[in-house]
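Undergrad: this is a predicted model, with the sequence first.
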Amino acid sequence: MTSQNPVFIPGPTNMPEAIRKACDMATIDHRSSVFADLLHPLRADLKRVLKGDTAEVFLFPSTGTGGWETAITNTLSPGDGVLAARNGMFSHRWIDMCQRHGLDVTVLETPWGAGLPADRIQEALSADKEHRIKAVLATHNETATGVVSDIAALRRALDAAGHPALLLVDGVSSIASMDFRFDEWGVDIAVTGSQKGFMLPPGLAIVAFSPKAMAAVETAKLPRTFFDIRDMAKGYAAGGYPYTPAVGLMNGLRLSCRMLLDEGLENVFARHHRIAEGVRRAAAAWNMPLCAVDASVESDTVSAVRTPEGFDSTKFVSHAAQSYDMAFGVGLGEVAGKVFRIGHLGSLTDAMMLSGLATAEMAMVDLGLPVKLGSGVAAAQDYYRQSLAQQRMAAE
C-alpha cells in the first residue's frame with residue numbers, strides 16, 4: 001500500500017510531516033536538564049488540551065490499553081466493584097481487563113450503536129447503598145460503532161445518586177479531536193494515546209488524574225510496577241523518569257500540542273465536526289445508515305457505515321486496500337462484517353476526505369453495491385462548500 005495516500009482508519013491517523021520530523025531527533029540525555037525542558041512544558045500543554053487545570057498528567061511508553069491499566073491499577077483493589085456499560089468493542093475490552101484484574105464488574109448491556117445509558121447508571125449507583133462500586137468506566141467515543149456518549153450526563157448521574165465512585169473515562173479516540181472538559185465534567189481519570197487526535201505514531205499513553213484519583217492511589221492494592229504513577233511522579237519532580245522515556249515521541253507530542261493550541265481547540269473541534277458531517281451526508285446519499293442509532297450520538301472522529309443485508313463489509317475494506325491502496329476500518333465484534341468504518345480525525349482536510357469518499361464509491365461499485373458514482377462525493381462537496389462559505393461570512 002502506497003504511503004502517498006491518506007488513511008481513513010480510526011487510528012493511527014495521518015501524520016503531519018512536521019510532527020514526523022520532530023519525532024526523528026538526535027539522542028539526548030534523559031537524565032539531564034534538556035529532558036526536563038521538554039517534559040514540564042509538555043505536561044502543561046496537555047492540561048490545556050484536556051481543559052484540566054486540576055489534572056496531574058502522566059506519560060507512559062505504551063498505548064491506550066496501557067492507559068486503561070494505569071487507571072485501574074493505581075486506584076482500585078482486588079474485589080472492588082466497578083460499574084460499566086458495554087456498548088462496543090472498546091468498552092468490552094476495558095471490562096475484560098477489569099475482570100482479569102480480579103475486580104467485581106457490574107455490566108450494563110447496551111445496544112451497539114447506542115450511547116452510554118446515564119439513567120441506568122444512576123439507577124445502579126442509587127441502589128448501591130454500601131458504596132461497593134468504586135469506579136464507573138465510560139468510553140467517551142466508542143470507536144467500533146462511531147458513537148459518542150455524554151460524559152457530563154454521567155457526572156450528573158453520579159452526583160444525583162450521591163455516589164463517591166471515581167469516573168474513569170476512555171478518551172482515546174476523542175481527546176484532541178472533540179471537545180473534552182476534564183474539570184468541568186468532573187472526570188477523575190482520562191485516558192488517551194498518541195496515535196489518534198495527537199497525530200503521532202502509537203507509543204504513548206497519556207493519563208490524567210484528578211486530585212480525588214490521586215488520593216485513591218495511596219490506598220489502592222492492585223499490583224503495579226511499570227504503571228505506578230507514584231514512581232512516575234517522583235521522577236517528574238526530579239525532572240526525569242523512573243525508566244527510559246520515549247523522548248522522540250514526546251518531542252513530537254510537544255509540537256502536536258502547539259499545533260492544536262495554535263489552531264485553537266474550538267477550531268479543531270469545528271473542523272472535525274465539519275469533515276464528519278460531510279461523511280454522514282455521503283453515507284445518506286449512498287442509502288447506507290450509520291451504526292449510531294441517531295444523530296445525537298454520531299461521532300465526529302469515526303463513522304461506522306452499515307452495508308446492505310447479506311453483504312460482507314470486510315470485502316469492501318479488502319478491495320479498497322488491494323485495488324486502490326486506500327485503508328478503511330473493518331467492523332469489530334458484534335458489527336464485524338456488517339459495517340465498515342471511516343476514520344475522520346487527526347491531520348485531515350475536506351479535500352483529503354473527498355478523496356476517501358470517491359475511492360470508497362469506486363470500491364463499492366466494483367463489488368456491485370447499489371451506489372451511483374459521485375453521489376456521496378457531491379453530497380459532501382455541497383456541505384463543505386456551504387459550511388466554509390458560512391464560516392467566511394461569520395469572520396467578515
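TA: It's in. Everything quoted here is computed from the prediction, not taken from an experiment.

Undergrad: residue 276 - that's part of a helix, no?
TA: Yes - counting by DSSP: H, G, I helix; E, B strand; the rest coil, residue 276 is found in a helix.

Undergrad: could you count how many residues lie near it?
TA: Burial measure for residue 276: 24 neighbouring residues, criterion other CB atoms under 10 Å. (Glycine included, C-beta is placed from N, CA and C.)

Undergrad: state the pLDDT value of it.
TA: With respect to pLDDT, residue 276 scores 98.

Undergrad: in this structure it contacts residue 295, no?
TA: No - here residue 276 does not reach residue 295: they are 11.2 Å apart, not a contact under CB atoms under 8 Å.

Undergrad: okay, residue 1: pLDDT?
TA: Value for residue 1, per-residue pLDDT: 59.

Undergrad: ok, and what's touching the strand or helix carrying residue 208?
TA: Taking DSSP states H and E as the definition, residue 208 sits inside strand 204-209. Here strand 204-209 makes contact (CB atoms under 8 Å, 6 or more residues apart in numbering) with 46-47, 50, 52, 55-67, 70-71, 74, 175, 182, 187-194, 198, 217, 229, 246, 249-250, 253.

Undergrad: check stretch 344-354 too.
TA: So stretch 344-354 is in contact with 6, 8, 10-11, 13-16, 19, 173, 177, 196-199, 272, 274-276, 278-279, 300-303, 377, 380-381, 384, 388, going by CB under 8 Å, 6+ apart.

Undergrad: buried ones in that stretch, by neighbour count?
TA: Neighbour-count burial for stretch 344-354 flags 344-348, 350, 352-354 (criterion: 16 or more other CB atoms under 10 Å).

Undergrad: rewinding a little: could you list the paired strands of the strand holding residue 208 along with their orientation?
TA: Here strand 204-209 has these sheet partners by DSSP bridges: strand 56-61 (antiparallel), strand 189-193 (antiparallel).

Undergrad: for burial, what's the neighbour tally of residue 41?
TA: For residue 41, the count of nearby residues is 13 (other CB under 10 Å).

Undergrad: contacting residues for it?
TA: residue 254.

Undergrad: picking up where we left off before, which among the buried residues of stretch 344-354 gets closest to residue 236?
TA: Nearest to residue 236, judged by CB to CB, of those is residue 346 at 27.3 Å.

Undergrad: after the strand holding residue 208, next one along is what?
TA: Later in the chain than strand 204-209, the nearest helix or strand by DSSP H and E is helix 211-217.

Undergrad: please, which helix or strand holds the nearest residue to residue 84 once chain neighbours are set aside?
TA: If the residues on either side of it in the chain are set aside, residue 84 comes closest to residue 137, at 3.9 Å by CB to CB, 6 or more residues apart in numbering. According to DSSP H and E, residue 137 maps onto strand 133-139.

Undergrad: again with residue 322
TA: helix 313-324.

Undergrad: cool, and residue 234?
TA: helix 229-237.

Undergrad: that helix to strand 56-61, inter-axis angle?
TA: 100 degrees (axes from the mean of the first three to the mean of the last three CA atoms, to 10 degrees).

Undergrad: show me which residues of helix 229-237 are buried.
TA: Of the residues in helix 229-237, those buried (16+ other CB under 10 Å) are 229, 232, 235-236.

Undergrad: now do the contacts for residue 232.
TA: 58, 60, 241-242.

Undergrad: quick one: which of the strands paired with strand 204-209 is nearest residue 35?
TA: Nearest of the strands paired with strand 204-209 (CB to CB): strand 56-61, 12.0 Å.

Undergrad: quick one: mean pLDDT over the closest one.
TA: The model assigns strand 56-61 a mean pLDDT of 98.

Undergrad: then that strand to PDB, C-alphas only?
TA: Extracted C-alpha coordinates of strand 56-61, given in PDB (Å, rounded to 0.1, in the frame of the first residue of the first chain):
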ATOM      1  CA  GLU A  56      -1.900  15.600  37.000                       C
ATOM      2  CA  VAL A  57      -0.800  14.300  33.600                       C
ATOM      3  CA  PHE A  58       1.400  11.200  33.200                       C
ATOM      4  CA  LEU A  59       3.000   9.900  30.100                       C
ATOM      5  CA  PHE A  60       3.900   6.200  29.700                       C
ATOM      6  CA  PRO A  61       5.700   4.500  26.800                       C
END
